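1. Curious how this folds, go ahead:
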Amino acid sequence: MNSPGAIFENLRIDVLERMLSGDNVKKFTWPVLGEFNWALDWFDEHADGNGKSALIWYDKKRVRRSISYAELKERSDRAAAWLVRHGVGPGSRVLVSLRNGAALWEIMLAVIKLNAVIVPVPVPVSSGEMMETAVLSGATVIVATPEVAQETPLSPPWVGITAGGNAPGWVPYEDAFSRSHTFRPGHPTDVASPMIIDCFAGRNTGEAVSFLPYSGYASTVGRVADLHFTRLTPGAGYASVAAAGSIDYLLYTFLGPLVAGTGVVSVDPAEISGLDALVLAESVGSVYAAPEVADAVSEAVSGVDLFTSAPVDHPALRHFLDQEGTFPPDSVRWGIRHRQSTVALTGTVRPGHRESRVVEILPGHEWEIIPSGARRSPLSGEVCVRLSNWPETPFGSSGAGSSGSRRLDIGTAGHLVSDDAVVLDTTGGAVRATTPADRP
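-> Residues are numbered from 1 along each chain as shown. Prediction:
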């Protein structure tokens, strides 16, 4: 019987081989994994002895930095052993708010290895916002920049860790490498357990804080499914423009490239002006841009495959779907992402089909955005789409049903209007999108 790690690798190889051969995958079989720790059961095996760069970034002085797969494995092991001594274990929630760089990756990977939960917070963040997120998320360990740490006195039950500097009452992350720590892996947990909890949604819009869990299954197997959309392959020249600590960063800068087996040049959104030169210097052929900077990135760089992705209720996507403007540009592939499970709903506007607005739900599923008046006139904020071969709900994904179900909660509000069409309300809420066979 194949181990969960072997099942994951076989699925990944199958998808990559089909992509490289030009075979259009019409069905993606969501595997049953049970207990599976992606970092221990898959990543470590593939990172061991691998000297290729996993992450490339440029520091404040514009000096090029990198860390290899092998270094990331070894350093995350030491970080995990050290974090255990500071109270991190299965189910622990660890707030991580660091700048782009090796320490951020090492700590996030270490948290995954410990079957704990990452609570990402984008940088910069105020002391008050960070502590509010810690309280509301239940995080007991906080990893932050020294600047914020110096403004944040901590007392039990919180443990504070700072990277890149010191702060009174906080433990420096560099201590993890001052002496030898032996990492003893624990027992894998159910893949349906959360790996990431995004608590920062809505902060910049004044909305109530949302808690969006991303299961271990959705965060890792979902990235294999994403390969149909991202088109990443081992060794591909790839750059990602997303704020460190954002959910876009975790999915498309951190987990996505690691699953694909390629390195990533991580670019801070504040450094978009120098992106074109960086793309040439690093031989980048594919660029991911977070939705809020996709327009600016499309103007700053040319000659690359540029793509972005967002939840269906993201303001920029709503603007596009409501046909109130021209965003995103024709040069940008746009993905529709299910915020909670992150799987099965990634799509792209097909080149040459701007008029018919056909959106492909990969692999092998389609949404066709129905023109106004074709079946009914959508109300303001609604998008009418036709469903084809609606995918089954992935096994073990947060916020979804069990394996084999033909229902999927997708984080929008809507209703079925015909045998094969549904109206999605992009103003938010929750919808149950159903295939004709599921209707009562």
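2. Got the phi and psi for Val159?
-> Backbone geometry at Val159, expressed as degrees, to the nearest 10, gives phi -110, psi 130.
3. wait, isn't it in contact with Ala144?
-> No. Applying Cβ atoms under 8 Å as the test, Val159 and Ala144 come out as separate, 11.5 Å apart. To be clear about C-beta, it is placed using only N, CA and C from the backbone, and glycine gets the same treatment.
4. The nearest residue to Val297 once chain neighbours are set aside and Val224, how far apart?
-> Spatial nearest neighbour of Val297, chain neighbours left out: Ala289 (3.9 Å); criterion: Cβ to Cβ, 6 or more residues apart in numbering. Computed as Cβ to Cβ, to the nearest Å, the Ala289 to Val224 distance reads 22 Å.
5. quick one, which of these two is more surrounded?
-> Ala289 (29 against 23; other Cβ atoms under 10 Å).
6. can you pull the contacts of the more buried one?
-> Ser240, Val241, Ala242, Ala296, Val297, Ser298, Leu306, Phe307, Thr308, Val332 (Cβ atoms under 8 Å, 6 or more residues apart in numbering).
7. where are the low-confidence patches of the stretch 51-200 of the chain?
-> 200 (pLDDT under 70).
8. May I have the secondary structure class of Thr29?
-> coil (DSSP: H, G, I helix; E, B strand; the rest coil).
9. helix/strand/coil for His86?
-> Three-state assignment for His86 (three-state DSSP): coil.
10. pull the longest helix from the chain.
-> Scanning the chain for the longest helix, with DSSP state H as the assignment, gives helix 4-21.
11. which residues touch that one?
-> For helix 4-21, contacts defined as Cβ under 8 Å, 6+ apart pick out 2, 23-25, 28-29, 31, 33-36, 38, 41-42, 45-46, 188, 191, 220-221, 224-225, 227-228, 231, 233-234, 259-260.
12. can you check stretch 144-155 too?
-> 95, 97-99, 123-127, 130-131, 142, 160-170.
13. in that stretch, what's buried?
-> Ala144, Thr145, Glu147, Val148, Ala149, Gln150, Thr152, Leu154 (16 or more other Cβ atoms under 10 Å).
14. Same list, those residues, but as TSV with secondary structure please.
-> Formatted as TSV, the buried residues of stretch 144-155 follow (three-state DSSP):
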residue	secondary structure
Ala144	strand
Thr145	coil
Glu147	helix
Val148	helix
Ala149	helix
Gln150	helix
Thr152	coil
Leu154	coil
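15. Now stretch 9-26: average pLDDT?
-> Average pLDDT, stretch 9-26: 81.
16. cool, stretch 239-246 as well?
-> Here stretch 239-246 scores 94 as its mean pLDDT.
17. Show me what that stretch is in contact with.
-> Taking Cβ under 8 Å, 6+ apart as the rule, stretch 239-246 contacts 96-101, 104, 120-123, 125, 200, 248-249, 252-253, 256-257, 264-269, 272, 275, 278-279, 282, 284, 286-290, 293, 297.
18. Among the residues you listed, which lie within helices?
-> Leu104, Asp248, Gly256, Pro257, Leu275, Leu278, Val279, Val297.
19. Out of those, the closest to Ile56 would be?
-> Using Cβ to Cβ, Leu278 comes nearest to Ile56 of the ones in helices among the contacts of stretch 239-246, at 9.6 Å.
20. about what we covered before: now the contacts of Ala289 as a markdown table including distance to Ser180 and neighbour count?
-> Formatted as a markdown table, those follow (distance: Cβ to Cβ, whole Å; neighbours: other Cβ atoms under 10 Å):
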| residue | distance to Ser180 | neighbour count |
| --- | --- | --- |
| Ser240 | 34 | 25 |
| Val241 | 38 | 29 |
| Ala242 | 35 | 27 |
| Ala296 | 46 | 15 |
| Val297 | 43 | 24 |
| Ser298 | 48 | 20 |
| Leu306 | 45 | 21 |
| Phe307 | 43 | 22 |
| Thr308 | 43 | 28 |
| Val332 | 48 | 21 |
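21. could these go into TSV alongside distance to Glu9?
-> Converted to TSV, those look like this (distance: Cβ to Cβ, whole Å):
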residue	distance to Glu9
Ser240	23
Val241	29
Ala242	27
Ala296	37
Val297	32
Ser298	35
Leu306	29
Phe307	25
Thr308	28
Val332	32
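22. what about Ile107, helix or strand, and which?
-> helix 102-113 (DSSP states H and E).
23. can I get the CA coordinates of that helix in PDB?
-> Taking Å, rounded to 0.1, in the frame of the first residue of the first chain, the C-alpha atoms of helix 102-113 are listed here in PDB:
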ATOM      1  CA  ALA A 102      14.900  32.800   4.700                       C
ATOM      2  CA  ALA A 103      13.700  33.200   8.400                       C
ATOM      3  CA  LEU A 104      10.100  33.500   7.300                       C
ATOM      4  CA  TRP A 105      10.300  30.300   5.200                       C
ATOM      5  CA  GLU A 106      12.200  28.300   7.800                       C
ATOM      6  CA  ILE A 107       9.700  29.200  10.600                       C
ATOM      7  CA  MET A 108       6.600  28.500   8.400                       C
ATOM      8  CA  LEU A 109       8.000  25.200   7.300                       C
ATOM      9  CA  ALA A 110       8.900  24.300  10.900                       C
ATOM     10  CA  VAL A 111       5.400  25.100  12.100                       C
ATOM     11  CA  ILE A 112       4.000  22.700   9.400                       C
ATOM     12  CA  LYS A 113       6.500  20.000  10.500                       C
END
